[in-house]
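1. need a 3D model of the sequence below.
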Amino acid sequence: MHEMSIALAVIGQVEEAAERTGDVTTVRTVRLQVGELAGVVPDALSFCFELACAGTVLEGAELVTDTVPGRARCGPCAHEWAVGMPPLLSCPRCDGSSTELLSGRELQIVSVRWEDGRTHAPTRQPIPEER
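-> Take a look at the predicted model:
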């Protein structure tokens with residue numbers, strides 16, 4: 001279950017940001033963007049996140065996931081479409097197969113809410129993919 005490694009990576013990044021801030025005692029909310037093509041099951045990620053937060057500054061924090069739909073663009077005709085699941089990667093207009101994936105693979109921390117109520121966007125860097 002790679003959702004546990006993702007949860008641990010998120011917790012690690014938030015703990016580092018909280019440590020840099022210096023006065024954070026509790027993290028209330030972590031908001032993530034999760035692309036529908038990222039291969040992440042949001043419910044499984046939430047479950048793993050809750051387990052992995054035990055004993056950390058994130059214990060009891062809410063994980064909010066915002067799903068980013070997959071979108072693609074056809075190279076030959078420039079048509080854009082929602083790829084859906086399972087993904088349709090050939091152009092529905094011209095049946096072209098030279099497509100560019102525009103969105104849907106995101107996996108990044110968007111914001112963190114500390115105990116003090118301020119909202120912070122620590123890095124907006126993608127979470128490293130599991131190897």
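
2. for the most far-flung residue of the chain relative to its centre, what are its contacts?
-> Here the chain has its C-alpha centre computed as a mean, and the residue farthest from that point, by Cα atoms, centre = their mean, is residue 94 with 31.9 Å. Contacts for residue 94 were tallied using Cβ atoms under 8 Å, 6 or more residues apart in numbering; they are 74, 76, 77, 79. (Glycine included, C-beta is placed from N, CA and C.)

3. what's the distance between it and residue 10?
-> As defined by Cβ to Cβ, to the nearest Å, residue 94 lies at a distance of 40 Å from residue 10.

4. confirm that the residue farthest from the centre of the chain sits in a helix.
-> No: counting by DSSP: H, G, I helix; E, B strand; the rest coil, one finds residue 94 to be coil, located in no helix.

5. what about it, distance to residue 2?
-> Counting by Cβ to Cβ, the gap from residue 94 to residue 2 is 36 Å.

6. and if you look at residue 115?
-> Counting by Cβ to Cβ, the gap between residue 115 and residue 2 amounts to 30 Å.

7. now the lengthiest helix in the chain, how far from the centre of its chain.
-> The single longest helix within the chain, with elements called by DSSP state H, is helix 2-21. Taking Cα atoms, centre = their mean, to the nearest Å, one finds the center of helix 2-21 at 12 Å from the center of the full chain.

8. the following helix or strand past that helix packs against which elements?
-> Counting by DSSP states H and E, the element after helix 2-21 in chain order, helix or strand, is strand 27-35. In this structure, strand 27-35 packs against helix 2-21, helix 42-52, strand 62-68, strand 107-114, with contacts taken as 3 or more Cβ pairs under 8 Å, 6 or more residues apart in numbering; DSSP states H and E.

9. now the angle from the longest helix of the chain to strand 107-114?
-> 50 degrees (axes from the mean of the first three to the mean of the last three Cα atoms, to 10 degrees).
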